[in-house]
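S.K.: quick check, what structure comes out for this input:
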Amino acid sequence: MKLKKGVKLAGVKPETILAMNVVDSVYKDYNDELTVTCITDSHKSGLHPKGWAFDCRIWAFSGKRLDALCKSIVKALTDEFDVVLEPTRDQPHIHIEFDPKNT
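M.R.: As a prediction, the model looks like this:
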């Protein structure tokens, strides 16, 4: 696993760290290395500044391979995590957040 230069770790939660390790193993299954591009930095709202979310680089993925990667991440994590493909024009990425639902 690599961290993009400038990624902030202050305040990251243990659940987030665990998820990053799980996602790293999924990337390895696809013969790629996870690069975390954002944790508690560059967001003023949402779960990033609270340490509950991180973003994953997807440069090496597209089409069916990207869909398969997302499905594999969802399968590897518990249902307490949301996995969202963010198709932003400048920096498409996978956003993962710890967001347990109360039942």
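
S.K.: pull the longest helix from this structure.
M.R.: Longest helix in the chain by number of residues (criterion: DSSP state H): helix 14-29.

S.K.: in it, what's buried?
M.R.: Neighbour counts over helix 14-29 (16 or more other CB atoms under 10 Å) mark 15-16, 19-20, 22-24, 26-27 as buried. Any C-beta I mention is one placed from the backbone N, CA and C, and that applies to glycine too.

S.K.: tell me how far stretch 38-58 lies from the chain's centre.
M.R.: Here stretch 38-58 is found 9 Å from its chain centre; the criterion is CA atoms, centre = their mean, to the nearest Å.

S.K.: quick one, strands of the protein?
M.R.: Taking DSSP state E as the test, the strands found in the chain are 2-3, 35-38, 53-57, 81-86, 93-98.

S.K.: who are the packing partners of the fourth one?
M.R.: Of the remaining helices and strands, those touching strand 81-86 by 3 or more CB pairs under 8 Å, 6 or more residues apart in numbering; DSSP states H and E are helix 63-76, strand 93-98.

S.K.: how much does that strand deviate in direction from strand 53-57?
M.R.: Angle between the axes of strand 81-86 and strand 53-57 is 40 degrees (criterion: axes from the mean of the first three to the mean of the last three CA atoms, to 10 degrees).

S.K.: contacts for strand 81-86, please.
M.R.: Outside of strand 81-86, the residues within contact range by CB atoms under 8 Å, 6 or more residues apart in numbering are 19, 55, 58, 66, 70, 73-74, 77, 92-99.

S.K.: per-residue confidence for Lys28?
M.R.: For Lys28, the model assigns a pLDDT of 98.

S.K.: Asp90 now?
M.R.: 81.

S.K.: from Arg57, how far out is it?
M.R.: 13 Å (CB to CB, to the nearest Å).

S.K.: over to Ser45?
M.R.: Counting by CB to CB, the separation of Ser45 from Arg57 is 22 Å.

S.K.: tell me which of these two has more neighbours.
M.R.: Higher neighbour count among Ser45 and Arg57: Arg57, with 20 against 7, using other CB atoms under 10 Å.

S.K.: verify the stated contact: Leu66 with Ala60.
M.R.: No: between Leu66 and Ala60 there is no contact under CB atoms under 8 Å: 9.2 Å.
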